[in-house]
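Engineer: Here is my input; please provide its structure:
(one chain, ligands or ions: 1)
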Amino acid sequence: MSQKLVLRGNRPLKGTIRAQGAKNAALPVMASALLLNGGTLELSRVPDLHDIQTMSDLLRNLGADVRFSQGQMRILTPEELDWATPPALVRKMRASSLVLGPLLARCHRAVLPLPGGCAIGSRPIDLHLKGLAKMGAEIRLEHGSVHAEAKRLKGARIYLDFPSVGATENLLMAAVLAEGETVIENAAREPEISNLAEALVRMGGQIEGQGTGTIRVRGVETLHGTDIQIIPDRIEASTYILAGVVTGGDVTVTGMEPEHLEALLAKLEEAGTRLSVGKDSVRTLPGGTLSAVSLKTLPYPGFPTDLQPQIMAALCLAKGTSVIQERVFESRFLHVSELKRMGCQIELQGDTAIITGVEHLTGAEVRATDLRAGAALVLAGLAASGYTCIYQMGHILRGYEMMVEKLQCLGGEAETVPCDENEGPKF
Ligand code: UD1
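Structural biologist: Residues are numbered from 1 along each chain as shown. Down below sits the predicted model:
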């Protein structure tokens, strides 16, 4: 049975919620447990999400013992690991490709069906594969799967054509057990990569330069078990800040890292919203304005592509015309046609969306096409008059822990209702 989210909007949200742990940090850190040769990795602040379950199932399938309860996860990796990943799990989630580097480094071979994931472009993994090949792996594509082999990976100088988050993570994990030094140039600088590097260093890895465009890794023979805390989820926190902004509410998000949200906070300030930024919290204050602003998505510290749909929903209610250019993913505009059902005025020209702000949105039946597109519809629904019904809510649950409870805690009217898979608006 599928689920739909029913929201009644047009009321200011008010209250305090705590940010969840970052999904996009927890996933690679979980994959890094495969590098252990008979050891235990303990993670805290792990969000309870579908993607985390998928990664847990994947690790279990490879032979690891994964226990998870109330944000605490314990992964025991045995000496004997399987190196062939199950297609059904890998196709569920693109981040499954993160096991490739660790498996190759630890087991000297890996088979990975080409991964699936959100419907936001072709999303190849060529940069991961090129980097691993540079480290001496032999890579073949057969029957839709990547087959990789290497006796022991060798340190190399790798330049990434684009600072891909996943490629940086995969190569970083492979490099910690490689022979000699690896230098990753044009590496991604996302905070989630620093969190992964911190976990690897605690496991005995030798890494410098994480958080910059050049990461140096000196390979070691073996790693040991450790514990690691997952950083706060900057995208989840940002989504609730935007919920405060679009409803003209008074929302405080605590347990977060405002430093990781500079790109969003700067844009909100430029738009005239009133915010109070603390050491580990952000509060939206009523009484500000929301004027049009323009932005382009870029790798960190630029404006995150994972917030593009949500800020677009907010800018649909801004005074004036905003322009958003999507520079990280092709075709990440599937939310546009759904937002238009609610009265948003958006024109698409290639990788650019031109948004003419309107005074009111009206609730409608809409469909979540992917995780962040779904989050944008939630924001529009919270601001719109009447009821909004969001089908395929499962997409949203991939990234937002206890979303309905959090919205209710802020005074929002939200509930999930079981529905038929084929119900809802058609494209
Ligand atoms: C990660 C995040 C995702 C976020 C994205 C960009 C996780 C689990 N997911 O995804 O939420 O939207 O970063 O911030 O952390 N590319 C290639 N070849 C490659 C790899 C990437 O062409 O081998 C392209 C992609 O198609 C895309 C761009 O590079 O256009 C960015 O992708 P990447 O940074 O790799 O994103 P992910 O790691 O998949």
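Engineer: from here on, contacts and neighbour counts on C-alpha atoms
Structural biologist: Will do.
Engineer: Residues of the protein that sit close to the ligand?
Structural biologist: Contact residues (C-alpha under 6 Å from any ligand atom) of the chain with the ligand: 24, 95, 122-128, 164-167, 305-306, 328-329.
Engineer: hmm, 8 Å instead?
Structural biologist: Where the chain comes near the ligand, counting by C-alpha under 8 Å from any ligand atom, the residues are 23-25, 27-28, 94-95, 121-129, 162-168, 188, 190, 192, 298-300, 304-306, 327-330.
Engineer: residues contacting Asp82?
Structural biologist: 61-63, 107 (C-alpha atoms under 8 Å, 6 or more residues apart in numbering).
Engineer: so what's the nearest residue to Ala156 once chain neighbours are set aside up against?
Structural biologist: Leaving aside its sequence neighbours, Ala156 sits nearest to Thr182 (C-alpha to C-alpha, 6 or more residues apart in numbering; 4.6 Å). Each residue near Thr182 by C-alpha under 8 Å, 6+ apart is listed here: 154-158, 175, 216-219.
Engineer: quick one: strands adjacent to the helix or strand hosting Thr182?
Structural biologist: Assigning secondary structure by DSSP states H and E places Thr182 in strand 181-185. Strand pairing for strand 181-185, using DSSP bridges, gives strand 157-159 (parallel), strand 214-218 (antiparallel).
Engineer: In CSV: these, plus distance to Gly424, mean pLDDT and mean neighbour count.
Structural biologist: Below are these laid out as CSV (distance: least, C-alpha to C-alpha, whole Å; pLDDT from 0 to 100; neighbours: other C-alpha atoms under 10 Å):
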stretch, distance to Gly424, mean pLDDT, mean neighbour count
strand 157-159, 45, 98, 18
strand 214-218, 47, 98, 21
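Engineer: Is the residue of the stretch 251-400 of the chain found nearest the ligand part of a helix or strand, or is it coil?
Structural biologist: Per C-alpha to the nearest ligand atom, Phe329 is where the stretch 251-400 of the chain lies closest to the ligand, at 4.0 Å. Recorded secondary structure, Phe329: coil (DSSP: H, G, I helix; E, B strand; the rest coil).
Engineer: Show the backbone phi and psi for it.
Structural biologist: The phi/psi pair for Phe329 (degrees, to the nearest 10) reads phi -120, psi 140.
Engineer: One more: Ile396?
Structural biologist: According to degrees, to the nearest 10, Ile396 has phi -70, psi -40.
Engineer: correct me, but it touches Arg372?
Structural biologist: Yes - Ile396 lies in contact with Arg372 (C-alpha atoms under 8 Å); the separation is 7.1 Å.
Engineer: ok, back up a step: keep only those of the residues of the chain next to the ligand that are in helices.
Structural biologist: Of the residues of the chain next to the ligand, the ones assigned to helices by DSSP state H are 23-25, 27-28, 126-129, 165-168, 192.
Engineer: Name the nearest residue to the residue lying farthest from the centre of the chain, ignoring sequence neighbours.
Structural biologist: Computed with C-alpha atoms, centre = their mean, the residue of the chain farthest from its C-alpha average is Lys151, at 32.7 Å. The spatially closest residue to Lys151, leaving aside those adjacent along the chain, is His108, at 5.6 Å (C-alpha to C-alpha, 6+ apart).
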